[in-house]
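Engineer: only geometry, no sequence info:
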């Protein structure tokens, strides 16, 4: 049986849509999910980001550079920009939820999935900002055991 998504995840998805519109983009990508987790601010995903010094301004800067680079590559090499792997991230979030023996998919599971989706804008931004999967997962487990 698949776990249900928390109400916080629903809020993050709504915020991701708002952020995508702020970027004038016609899709919701991993970068928008990452920024939404931080902007929502109350979930364990946001707490892990904050604990590791990953601030919204730095994330936006990394994301802007990565998106611009991908757009330049598209123009220069004639490649289409990669479709965001939103479905993959959500499947990975469910996997993380189950591995951590949670009953509900929460922001921390999405954050871990974003880190694992290395080829995505969010995954690359988090790598560039120094947040590893192992560190984030350890923080999530610490926060969960303290709860």
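Structural biologist: That came through fine. Computed from a prediction, not measured in an experiment: that's the story for all the values here.

Engineer: from now on I want contacts and neighbour counts done on CA atoms only, so please keep to that.
Structural biologist: OK.

Engineer: contact partners of stretch 94-106?
Structural biologist: Taking contacts as C-alpha atoms under 8 Å, 6 or more residues apart in numbering, the residues outside stretch 94-106 that touch it are 2-6, 8-9, 43-45, 93, 109, 112-113, 141.

Engineer: how about a cut-off of 7 Å?
Structural biologist: The set of residues external to stretch 94-106 that reach it, using C-alpha atoms under 7 Å, 6 or more residues apart in numbering, is 3, 4, 5, 6, 8, 9, 93, 109.

Engineer: for the residues you listed, which one is nearest residue 119?
Structural biologist: Nearest to residue 119 among those is residue 93, at 16.0 Å by C-alpha to C-alpha.

Engineer: may I ask which helix or strand encompasses residue 16?
Structural biologist: Assignment of secondary structure by DSSP states H and E places residue 16 within helix 7-22.

Engineer: give the next helix or strand downstream of that helix.
Structural biologist: Using DSSP H and E, the helix or strand that follows helix 7-22 towards the C-terminus is helix 30-40.

Engineer: which neighbouring elements make contact with that next one?
Structural biologist: Using 3 or more C-alpha pairs under 7 Å, 6 or more residues apart in numbering; DSSP states H and E as the contact criterion, the elements in contact with helix 30-40 are helix 7-22, helix 44-51, helix 56-77, helix 107-116, helix 121-128.
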